[in-house]
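Student: Show me how the following folds:
(one chain, ligands or ions: 2)
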Amino acid sequence: MAIKYADVIVDLQAGDTGKGKVAHHLARSGEYDYVLRYNGGSNAGHTVYHNGVKVVTHQVPVGVLHGIKSIIGPGCVVNVPALAREIQDLMFAGINTTGLIFVDKRAHIVTSEHLEEDGTDTKIGTTRQGIGPAYRDKYGRVGKRMGDDVLSDFGKEFTSTMFTVVDVYDILFTDNTQYRILCEGAQGFNLDIDWGDYPYVTSSHCTVGSVCLNGIPPHKIRKVFGVLKAYETYVGNKEIPVSEVDAPIFERIQEVGNEFGATTGRKRRVNWLNLNEVTRAMHINGVTNLIINKADVLDEVGEFAVYVDEGNPIRFSNAQVFRQFVDGTLMDHSIRHLDITWSKTPHGI
Ligand code: IMP
Ligand code: MG
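Tutor: Ligands and ions are numbered 1, 2, ... in the order given. This next block holds a predicted model:
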């Protein structure tokens, strides 16, 4: 076997929980030889602070920022011109990506027709990145793949040295090197095609299961980093009723937390953390390490509450009792040894 271990980063809410920051932090540890992105496409937006400078990536795995070879896996869909622009932007920002970016030949291509079709979406509130139509054509068995010798169609938009089309199997299994892999997910549990709030979901698999679909054998999965925020956000057309008491608080959290989509610029709708949903996501993903981001936002706003069931939220008078309650509830419901980290900084964990 040529994989030593694979650690996984997975989102336990509806995206935008700070996975990019976690990936950036872990990739810096020297514990990984490859970063593997396992789902989604340019609908994702990972905001990280690299050497103090804000960088947003959409398709390029965050490992590249630390000079780690990074693979866009077979479970992803690729917008080739957008990927080329992203790589060019990273190069302009002084980040050397040469020889670091690989795309599996099985990854499907988001075409201009997909983009046009998704551009008219009014039902789901998609990011309009062509994701749904691209995955539909994949499952309809009429899609185009990165290995289909169609890249010359994009000849003007990218140069062949920007990334290499590969077979992920050849990279990970054909010699006896014991590779250590960090698997970087996009979107989140509540947007998963099967586990999310259908039809208000994305079209890919956003759970740890997706990692195996990208070529990682299940027994090699070591740690699972489940990422969430101290509150929830959502972008899309699903209706979420908000009480008169909470509306102004959510507005404050939106402002203080700077909750705007990194891909679309849309305002993210805020809600209290839902511990039932997080528990479900934690169980199904087999989480070993929980990272709870943006704890500082609630500290600054000075309001603390969670849902444990349908109905009214439970409110807390200060940060300490809120955190104790969250820690206790999640520990009680954990099915594996669980480490919980509350993170307050956008620069690390
Ligand atoms: P799509 O993935 O663009 O098809 O959008 C489907 C739903 O997922 C919409 O509600 C989007 O706002 C949401 N979504 C997709 N990608 C992300 C993400 O990276 N963060 C947060 N929401 C996302
Ligand atoms: Mg995001």
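Student: separation between the residue in the stretch 51-200 of the chain that ligand 2 sits nearest to and ligand 1?
Tutor: Going by CB to the ion, ligand 2 is nearest to residue 186 of the stretch 51-200 of the chain, at 7.7 Å. From N, CA and C alone the C-beta is placed, and that goes for glycine too. Distance, residue 186 to ligand 1, using CB to the nearest ligand atom, to the nearest Å: 6 Å.
Student: Quick check: phi and psi on the residue lying closest to residue 57 once chain neighbours are set aside?
Tutor: Excluding its sequence neighbours, the residue lying closest to residue 57 (CB to CB, 6 or more residues apart in numbering) is residue 46, at 4.9 Å. Here is the backbone geometry of residue 46 (degrees, to the nearest 10): phi -100, psi 110.
Student: ditto for residue 280
Tutor: phi -60, psi -50.
Student: quick one, what contacts it?
Tutor: Residue 280 makes contacts with 189, 195, as judged by CB atoms under 8 Å, 6 or more residues apart in numbering.
Student: And for residue 136?
Tutor: With CB under 8 Å, 6+ apart, residue 136 has these contacts: residue 203.
Student: Please, which helix or strand holds it?
Tutor: Using DSSP states H and E, residue 136 sits in helix 131-139.
Student: following that helix, which helix or strand comes up?
Tutor: strand 164-166.
Student: elements contacting the next helix or strand after that next one?
Tutor: Going down the chain from strand 164-166, the next helix or strand is helix 168-173, by DSSP H and E. Helices and strands touching helix 168-173, by 3 or more CB pairs under 8 Å, 6 or more residues apart in numbering; DSSP states H and E, are strand 34-37, strand 101-104.
Student: Mean confidence (pLDDT) on the last one, please.
Tutor: Across strand 101-104, pLDDT averages out at 97.
Student: Give me the buried stretch members for that strand, please.
Tutor: For strand 101-104, a neighbour-count test (16 or more other CB atoms under 10 Å) marks 101, 102, 103, 104 as buried.
Student: Can I get those in TSV including distance to residue 124?
Tutor: Conversion of the buried residues of strand 101-104 to TSV gives the following (distance: CB to CB, whole Å):
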residue	distance to residue 124
101	30
102	31
103	26
104	27
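Student: now the residues you listed in TSV, with distance to ligand 1?
Tutor: Formatted as TSV, those follow (distance: CB to the nearest ligand atom, whole Å):
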residue	distance to ligand 1
101	20
102	22
103	19
104	20
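Student: Serialize these to JSON lines and add fields for distance to ligand 2.
Tutor: Output for the buried residues of strand 101-104, formatted as JSON lines (distance: CB to the ion, whole Å):
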{"residue": "101", "distance to ligand 2": "20"}
{"residue": "102", "distance to ligand 2": "23"}
{"residue": "103", "distance to ligand 2": "21"}
{"residue": "104", "distance to ligand 2": "22"}
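Student: Identify the spatial nearest neighbour of residue 157, chain neighbours not counted.
Tutor: residue 81 (4.1 Å).
Student: how many neighbours does that neighbour have?
Tutor: Look at residue 81: counted by other CB atoms under 10 Å, it has 15 neighbours.
Student: Now do the same contact list for it.
Tutor: For residue 81, the contact set (CB under 8 Å, 6+ apart) comprises 154, 157, 158.
Student: Alongside ligand 2, which residues does the stretch 151-300 of the chain contribute?
Tutor: residue 262 (CB under 5 Å from the ion).
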